[in-house]
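A.B. asks: Please find the sequence and the predicted model below.
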Amino acid sequence: MNDMPPQPNAKRALRVLSALTALVLAAPVLAQPAAPTADPVRVLVKRLDLERYKATIKGLTQFGDRRQGTARNRAALDWIEAQLKSYGCTNTERVQYTFGAEPVHRTAPARAAVAAGSDEPGLSVGGGRSRGFTRKTGVNNDPDAQPDARIRALNAPPAVPGPRESVYCTKVGTGHPGEMYIVSAHMDGIGFGEAANDDGSGTALVMELARVFSSPDVQTDRSIRFILWNNEETGLNGAKAYVAQRAALQGKESPAGSGRYPEPKWLGVMQHDMMLFDHGMPRADGSVSPEQRPEADVNIEFQAASKLAAQSQELAGVLQAANERYATDYPATVGRHMTNTDSTPFMDLAPAVSLRENERGAQVGSGWDPQWHQPTDLYTTYSDKDFLLGLNAAQTTLSATARLAGATLR
């Protein structure tokens with residue numbers, strides 16, 4: 001039976017199998033699917049590092065409180081500029097202006113008495129109302145309140161009226177260099193401490209973003225300017241000087257036809273002021289928890305009374321969405337009471353927001369941060385959980401700015 005010839009159905013099956021085999025052998029090799037392209041924003045966010053962020057804050061504290069109008073303030077400006085250049089952000093420039101005597105810093109009760117009339121330099125209303133327990137706040141004006149002799153000596157020389165400067169550098173956009181986003185913080189402080197949080201934490205954040213965006217493999221469609229203001233503590237004078245000098249220059253080529261825009265059109269301003277300390281409201285006895293609260297968040301504020309409130313709220317929403325997608329540890333919340341911050345002079349001219357540790361008016365002004373303008377604002381005061389909140393704010397702004405400015409990797 002084994003010698004019987006194949007049956008017709010079997011012959012047909014063999015012919016079909018042979019034909020299929022020939023087709024397979026003759027067919028071209030199909031290309032493998034391409035590997036998914038890495039998200040450039042996520043790549044950039046991963047270039048932020050907690051230890052680098054801490055080290056930059058530590059570097060700023062070597063100049064004490066960096067009070068405006070002092071040699072330590074000028075030395076800090078030089079150091080910041082040198083760091084920016086070392087990152088590759090080499091086109092550094094300075095805003096120059098003149099400032100006179102500092103305003104008198106009132107105690108908390110006196111500040112509360114003038115708040116309604118807003119007659120104190122730099123003080124504005126619209127910061128929301130306090131709820132729950134509050135703690136007295138104010139500015140320490142006594143150098144002897146600083147127990148550390150080295151820091152006390154460093155901060156001893158007073159401010160002197162005269163020339164002032166703020167420093168900035170720019171990531172020039174490749175597609176639309178005449179349009180830009182401003183990422184900023186103030187580098188001066190008061191209180192006879194080290195101004196580690198107010199505002200070393202914001203200054204270091206801006207410097208870290210300048211480092212990441214200045215990498216040679218990063219390009220952006222629109223420009224980004226990284227600005228470190230001076231004279232914030234005296235009434236936002238550095239930011240005000242910048243607006244006064246440069247608002248009318250927006251979007252103008254200089255020289256004409258050169259494709260160079262010394263002051264690109266302002267598409268948005270993102271200010272950073274006090275990024276580390278969200279330990280919750282004061283207890284009934286006025287004390288504050290020594291630990292970062294588990295529900296700590298990054299506060300993003302716009303001013304609902306500004307002329308561009310809708311656009312500013314939209315910018316805040318972009319930052320919040322970026323935080324949700326790219327920040328690793330702490331969420332972001334949006335508030336409508338931006339006040340007493342360097343984005344305020346911009347708010348009627350461009351979308352403007354402020355990122356910080358707590359709501360500026362209702363929380364910081366009610367004692368939620370006991371280091372505010374005090375000798376205790378020292379690098380050693382803060383824990384890694386505190387520094388991590390600042391890093392999450394950096395992740396938030398970096399990712400939002402990367403998307404807004406059209407960042408890509410070469």
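C.D. replies: Cool, the structure landed. Residues are numbered from 1 along each chain as shown.
A.B. asks: And the strands in the protein, which stretches?
C.D. replies: Using DSSP state E, the strands found in the chain span residues 93-99, 162-171, 176-186, 218-220, 222-229, 265-272, 298-301, 332-335, 352-356, 407-409.
A.B. asks: So for the second one, mean pLDDT?
C.D. replies: Looking back up the chat, that one is strand 162-171. Across strand 162-171, pLDDT averages out at 98.
A.B. asks: Just give me how far that strand sits from the chain centre.
C.D. replies: Strand 162-171 sits 17 Å away from the centroid of its parent chain (Cα atoms, centre = their mean, to the nearest Å).
A.B. asks: So what are the sheet partners of it and their directions?
C.D. replies: Sheet pairing for strand 162-171, assigned by DSSP bridges, gives strand 93-99 (antiparallel), strand 222-229 (antiparallel).
A.B. asks: now, of the ones you listed, which is deepest in the fold?
C.D. replies: Burial of these is given as mean neighbour count (mean count of other Cβ atoms under 10 Å); strand 222-229 ranks first at a mean of 26. Just so you know, the C-beta spots here come from the backbone N, C-alpha and C atoms, and that holds for glycine as well.
A.B. asks: Report the buried residues of the longest helix along the chain.
C.D. replies: Ordering each helix of the chain by length in residues (DSSP state H) puts helix 384-405 first. By neighbour count with 16 or more other Cβ atoms under 10 Å, helix 384-405 contains the buried residues 385-405.
A.B. asks: How far does that helix sit from its chain's centre?
C.D. replies: For helix 384-405, the distance to the chain centre is 7 Å (Cα atoms, centre = their mean).
A.B. asks: same thing with stretch 67-76?
C.D. replies: With Cα atoms, centre = their mean as the basis, stretch 67-76 stands 22 Å off its chain's centre.
A.B. asks: First-to-last residue distance for it?
C.D. replies: With Cα to Cα, to the nearest Å applied, stretch 67-76 spans 10 Å between its terminal residues.
A.B. asks: show me what contacts the nearest residue to Leu209 once chain neighbours are set aside?
C.D. replies: Distance criterion Cβ to Cβ, 6 or more residues apart in numbering; nearest residue to Leu209, sequence neighbours excluded, is Leu398 at 5.3 Å. Each residue near Leu398 by Cβ atoms under 8 Å, 6 or more residues apart in numbering is listed here: Leu44, Val45, Leu48, Leu209, Val212, Phe213, Tyr326.
A.B. asks: Which among the strands paired with strand 162-171 is found nearest to Gly59?
C.D. replies: Gly59 lies closest, by Cβ to Cβ, to one member of the strands paired with strand 162-171: strand 222-229, at 13.1 Å.
A.B. asks: average pLDDT across that closest one?
C.D. replies: For strand 222-229, the mean per-residue pLDDT is 98.
A.B. asks: Need the CA coordinates for it. CSV is fine.
C.D. replies: Presented in CSV, the C-alpha positions along strand 222-229 are these (Å, rounded to 0.1, in the frame of the first residue of the first chain):
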residue,chain,number,x,y,z
ARG,A,222,11.0,80.4,19.9
SER,A,223,13.4,82.3,22.1
ILE,A,224,13.6,81.9,25.9
ARG,A,225,15.2,84.5,28.2
PHE,A,226,16.5,83.5,31.6
ILE,A,227,16.4,86.6,33.9
LEU,A,228,17.7,87.1,37.5
TRP,A,229,16.1,90.2,38.8
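A.B. asks: starting at the chain centroid, how far to it?
C.D. replies: 11 Å.
A.B. asks: could you check the angle strand 265-272 makes with it?
C.D. replies: Interaxial angle of strand 222-229 relative to strand 265-272 (axes from the mean of the first three to the mean of the last three Cα atoms, to 10 degrees): 50 degrees.
A.B. asks: List the buried residues in stretch 266-283.
C.D. replies: 266-282.
A.B. asks: What mean pLDDT does that stretch get?
C.D. replies: Per-residue scores along stretch 266-283 average to 97.
A.B. asks: With stretch 341-355 instead?
C.D. replies: 98.
A.B. asks: Endpoints of that stretch, how far apart?
C.D. replies: End residues of stretch 341-355 are separated by 10 Å (Cα to Cα).
A.B. asks: Same question for stretch 180-200.
C.D. replies: End-to-end distance for stretch 180-200, by Cα to Cα: 24 Å.
A.B. asks: Do me a favour and average the pLDDT over that stretch.
C.D. replies: Confidence for stretch 180-200, expressed as mean pLDDT, is 98.
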